[in-house]
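S.K.: sequence first, predicted coordinates after that:
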Amino acid sequence: MPVPRRRPDVPPPLGVTVHNGAADVSVLAAHADLVELCLFDEDGTERRVPLSRRAYGVWWDVVADVRPGQRYGFRVHGPWAPQDGQRHNPAKLLLDPYAGAIDGTVTWGPEVFGHVVDDSWVGDGETRDDRDSASFVPRSVVVDHSRFDWTGDLVSATPWTGSVVYEAHVRGLTMRHPGLPEEIRGTYAALGHPVILEHLTGLGVTTLELLPIHAFTHEPHLVRNGLTNYWGYNTMGFFAPHAGYAAACDPQGVVDEVKGAVKALHGAGIEVVLDVVYNHTCEQGSRDGATLSWRGLDNATYYRLDERGHDIDVTGCGNTVDLRQPLVAKMVLDSLRHWVTEFHIDGFRFDLAPALARGRDDAYDPDHAFHVALRTDPVLSRVMLIAEPWDVGVHGWRTGQFPPPFAEWNDRFRDTVRTFWLPDTARALAGETGHGARELATRFAGSADLYQADDRGPIASVNFVTAHDGFTLADTTAYERKHNEANLEGNRDGHGDNRSWNHGVEGPTDDPAILAARRRSARNLMATTLLATGVPMITAGDELGRTQGGNNNAYCQDNEISWLDWEAADADLLATVTRLLELRRAHPALRPPEFQTFDAVPGRVRLRWFDTEGQVLSEQQWTDPGLRTLVAVLDDRAVAEVAGAQPDFVMIVLSGALDAVTVRLPDADVERPWQVEWDSSWETPQGPTEVGDEVRVEAHSVVVLATPQFS
């Protein structure tokens, strides 16, 4: 396919594009008076090259003797008028927003701030600081993406209905694994090592969702406290991988190492999704943040500002990237395409996604130009797009309101499932009324109330009970209060609404009855998540029984609090999760692409809800806050008849009752006998057991039954 010609008076693609020993250099700085490209020799000597061309707010030029490996940055001259949002300061060396790699880290001090600050790095944001920052900030690096050999990189896209997402942190997943060579622990290289691949494939994971790997830096307050940003939601470069996660030492090696990890994961049949942070950057607010890139290039274009030139913050992180600006939206789209085309990434989870689609009036707009671009882009519309459907701005909760083909983290699922199995059980033990089971049934069936609009289907719901943010699975059963003292914020950080239950003792205990009850609750939570209609997500380590000691906001804990302790793994829980995912794969009735129907409809899975007597639940029972046992019967006969396949029948009993109950198996028009495939009262999975007309369900348990042909 011929490459489109570029007219000589039109800017080249943004960034640095090398060709024949020279480079097209292009950067957005719409309010600048002069932009200088700063080239650095191996000894650190700086050479400044003024860019001579300007159009459409973009400065560009052809610069000789620029090759892969070149370190560079920008200095921007222009007005210093904070009240108008203008914060140009040529004393500050700036990163290229399109840099393919970043070399070095930020050395925090007053020099990296565009405005004058005191020894605590606090200032009024008004007075320009003229100290040179070059010795304190990293360099952009030109890389060669053509050198990596992608031969043989073939991974077939898993249908959404068959996807199992595993959310993990590069360091957290691999830092303490005894089967990994020490020199690659905590790195991209470790992700592609056989011991990690075997764990993921053995578990049944299809999709590895990585916490941010875009280049990032640490917030000043963490640096002052001797801590670091562990999660990485503090982006410094949208096109460059974070060098701190690499075993390689040189920037080109970092890029190649990420590609090698992706290729290895693909070779094991695992897709890779990146958690991406385009809603804000590491520069925080203009009055208290550093000047590292966008702030100094064109503050008024890159960020949402009010009439006083102050940041409009709907992210809780000090600033908001302004995707109302076409070239800023283009930067994000270019970044996404870069990771798909150059790194073969299979999809993205968008952090604080409503912030990316707030219109001129700051209200969330599902038809925002950014959404339209994603939905129509020939590359991006074909990858996995997952929204975190909330931000901290006005009317920021938008679960169920994203357009197709987005899937969404379903926080309603999380809160409902936790409430049923944990605090509502505690309420029942105290003789108090809970919330009943009606909403639990809605969430278990795919959340049609949220996702039926626009013909999205249940695959729009990413079902989870834990994520990186919040308690681990084990901690939801062991703590009722957050314990974030190690974050040095007076335990004020982190969410206070945890929907957890400690089973009578806060934190560690030696009481065998409490420990057994906690393990059963964990199995109930995991079973409800993995068997529900939708796309299940597991947080790395939950299958091993990982604890963070009650810390529900371990964003700054790059240590044993956050890292998986593989040697302390709960083998029974691991076997349980593996078995549950086997059942999910084995039963098509659990994986419908469309919402189920109560009556038989051609091509649709049928779902009916019964009580313990085998009768269809009445409206009076549905509205009873004391309802604690549900019997779900799913069958795909109407689907199997069309496909000419063997029909599948599954029965799932969700019982939050305080005592064992006898469930009379409902008449489901099934001639074959039922057998118990799994029971959460089992500490470890057992073989199938045939039952007659009734089944005993232990207190606070989940039981899965099926017909023998699918066992």
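M.R.: Noted; the coordinates are in hand. Numbering: from 1, shown residues only.

S.K.: need the three-state assignment for Val650.
M.R.: At Val650 the chain is in strand, as set by DSSP: H, G, I helix; E, B strand; the rest coil.

S.K.: just use 741 as the starting number from now, easier for me
M.R.: OK, 741 is where the count begins now, so the last one is Val1390.

S.K.: give me every residue that touches it.
M.R.: Neighbour list for Val1390: His1327, Ala1329, Leu1330, Val1373, Leu1374, Asp1375, Val1444, Leu1445, Ala1446, Phe1450 [criterion: Cβ atoms under 8 Å, 6 or more residues apart in numbering]. No exception for glycine: its C-beta is placed from N, CA and C like everyone else's.

S.K.: swap in Ala1147?
M.R.: Residues in contact with Ala1147 (Cβ under 8 Å, 6+ apart) are Trp900, Met1124, Leu1125, Ile1126, Ala1127, Ile1199, Ala1200, Ser1201, Val1202, Val1275.

S.K.: low-confidence ranges in this structure?
M.R.: Along the chain, the parts satisfying pLDDT under 70 run over 741-745, 1408, 1411, 1449-1451.

S.K.: one more time with 50
M.R.: 741, 1450-1451 (pLDDT under 50).

S.K.: grab the nearest non-local neighbour of the most centrally placed residue in it.
M.R.: Taking Cα atoms, centre = their mean, the centroid of the chain lies closest to Asp1015, which sits 4.2 Å from it. Closest residue to Asp1015 apart from its sequence neighbours, by Cβ to Cβ, 6 or more residues apart in numbering: Arg1089 at 4.7 Å.

S.K.: of the contacts of Val1390, closest to Pro960?
M.R.: For the contacts of Val1390, the minimum distance to Pro960 (Cβ to Cβ) is 48.1 Å, reached by Leu1330.

S.K.: that closest one reaches Leu1374, doesn't it?
M.R.: Yes - Leu1330 is within contact range of Leu1374, at 6.9 Å (criterion: Cβ atoms under 8 Å).

S.K.: between the contacts of Val1390, which is closest to Ile953?
M.R.: The closest of the contacts of Val1390, once distances to Ile953 are taken by Cβ to Cβ, is Leu1330, at 32.1 Å.

S.K.: how many neighbouring residues does Asp1046 have?
M.R.: Applying other Cβ atoms under 10 Å, we find 9 residues neighbouring Asp1046.

S.K.: just Ser1261 next, same as before
M.R.: 24.

S.K.: with Val857 instead?
M.R.: Count around Val857 with other Cβ under 10 Å applied: 22.

S.K.: show me the contacts for it.
M.R.: Here Val857 is in contact with Pro850, Gly863, Asp869 (Cβ under 8 Å, 6+ apart).

S.K.: could you dump those residues to TSV with neighbour count?
M.R.: Shown next, in TSV, are the contacts of Val857 (neighbours: other Cβ atoms under 10 Å):
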residue	neighbour count
Pro850	18
Gly863	17
Asp869	19
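
S.K.: so which of the residues you listed would you say is closest to Asn965?
M.R.: Of all the contacts of Val857, Asn965 sits closest to Pro850, with 17.9 Å by Cβ to Cβ.

S.K.: so the closest one touches Arg871, yeah?
M.R.: Yes - using Cβ under 8 Å, Pro850 is in contact with Arg871, at 7.0 Å.

S.K.: dump the contacts of Val1390 into TSV; add neighbour count, secondary structure and distance to Ala983 as well.
M.R.: Rendered in TSV, the data for the contacts of Val1390 read as follows (neighbours: other Cβ atoms under 10 Å; DSSP: H, G, I helix; E, B strand; the rest coil; distance: Cβ to Cβ, whole Å):
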residue	neighbour count	secondary structure	distance to Ala983
His1327	21	coil	44
Ala1329	24	helix	47
Leu1330	22	helix	42
Val1373	24	strand	53
Leu1374	24	strand	48
Asp1375	23	strand	53
Val1444	22	strand	46
Leu1445	25	strand	52
Ala1446	26	strand	49
Phe1450	16	helix	48
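
S.K.: any idea how far Leu1367 is from the residue nearest to Asp1433 when sequence neighbours are not counted?
M.R.: Residue nearest to Asp1433 in three dimensions, not counting chain neighbours: Leu1405, with 5.7 Å by Cβ to Cβ, 6+ apart. Per Cβ to Cβ, to the nearest Å, Leu1405 is found 19 Å from Leu1367.

S.K.: list the contacts of Val945.
M.R.: With Cβ under 8 Å, 6+ apart, Val945 has these contacts: Val904, Val905, Tyr906, Ile1010, Ile1278.

S.K.: now, which of the residues you listed sits nearest Val846?
M.R.: For the contacts of Val945, the nearest to Val846 is Tyr906 (31.3 Å; Cβ to Cβ).

S.K.: let me know the helix or strand that the closest one is in.
M.R.: Assigned by DSSP states H and E, Tyr906 falls within strand 905-908.

S.K.: show me where the stretch 791-940 of the chain has helices.
M.R.: Per DSSP state H, counting those that start in this stretch, the stretch 791-940 of the chain carries helices over the ranges 910-914, 928-931, 934-943.

S.K.: from the chain's centroid, how far away is stretch 1082-1092?
M.R.: Taking Cα atoms, centre = their mean, to the nearest Å, one finds stretch 1082-1092 lying 9 Å from the centre of the chain it belongs to.

S.K.: coming back round to it: and the strand holding Tyr906, which strands flank it?
M.R.: Its sheet considered, strand 905-908 pairs with strand 947-950 (parallel), strand 1275-1279 (parallel) by DSSP bridges.

S.K.: point out the one among those that comes closest to Trp1349.
M.R.: Taking Cβ to Cβ, strand 1275-1279 is the member of the strands paired with strand 905-908 nearest to Trp1349, at 20.7 Å.

S.K.: what's next to that closest one, contact-wise?
M.R.: With contacts defined as Cβ under 8 Å, 6+ apart, strand 1275-1279 is touched by 900-901, 903-908, 943, 945, 949, 1147, 1149, 1199, 1201-1204, 1206-1208, 1212-1213, 1266, 1269-1270, 1317, 1324.

S.K.: any of the residues you listed buried? List them.
M.R.: Using 16 or more other Cβ atoms under 10 Å as the burial test, the contacts of strand 1275-1279 include 900-901, 903-908, 945, 949, 1147, 1149, 1199, 1201-1204, 1206-1208, 1212-1213, 1266, 1269-1270, 1317, 1324 as buried.

S.K.: show residues contacting the host helix or strand of Phe979.
M.R.: In the assignment (DSSP H and E), Phe979 maps to strand 975-981. Residues from elsewhere that reach strand 975-981, judged by Cβ under 8 Å, 6+ apart: 755, 835, 837-842, 846, 878, 880-881, 928, 952-957, 994-995, 998, 1017-1018, 1020-1022, 1032-1033, 1071-1072, 1074-1075, 1078, 1083.

S.K.: can I see the domain layout of this structure?
M.R.: As assigned by automatic domain parsing, the chain contains the domains 755-886, 1338-1450.

S.K.: now render the ones you listed as TSV, adding distance to Tyr1295.
M.R.: Formatted as TSV, the domains of the chain follow (distance: least, Cβ to Cβ, whole Å):
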stretch	distance to Tyr1295
domain 755-886	18
domain 1338-1450	32
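
S.K.: for Leu1120, which of these is the nearest?
M.R.: Comparing the domains of the chain by their distance to Leu1120 (Cβ to Cβ), the top pick is domain 755-886, with 17.3 Å.

S.K.: end-to-end on the closest one?
M.R.: Using Cα to Cα, to the nearest Å, the end-to-end distance of domain 755-886 comes to 17 Å.

S.K.: off-centre distance for that domain?
M.R.: Mean-position distance between domain 755-886 and its chain equals 30 Å (Cα atoms, centre = their mean).

S.K.: just checking, Thr847 touches Phe876?
M.R.: Yes - using Cβ under 8 Å, Thr847 is in contact with Phe876, at 4.3 Å.

S.K.: and these two? which has more neighbours close in?
M.R.: More crowded of Thr847 and Phe876, by other Cβ under 10 Å: Phe876, with 20 against 13.
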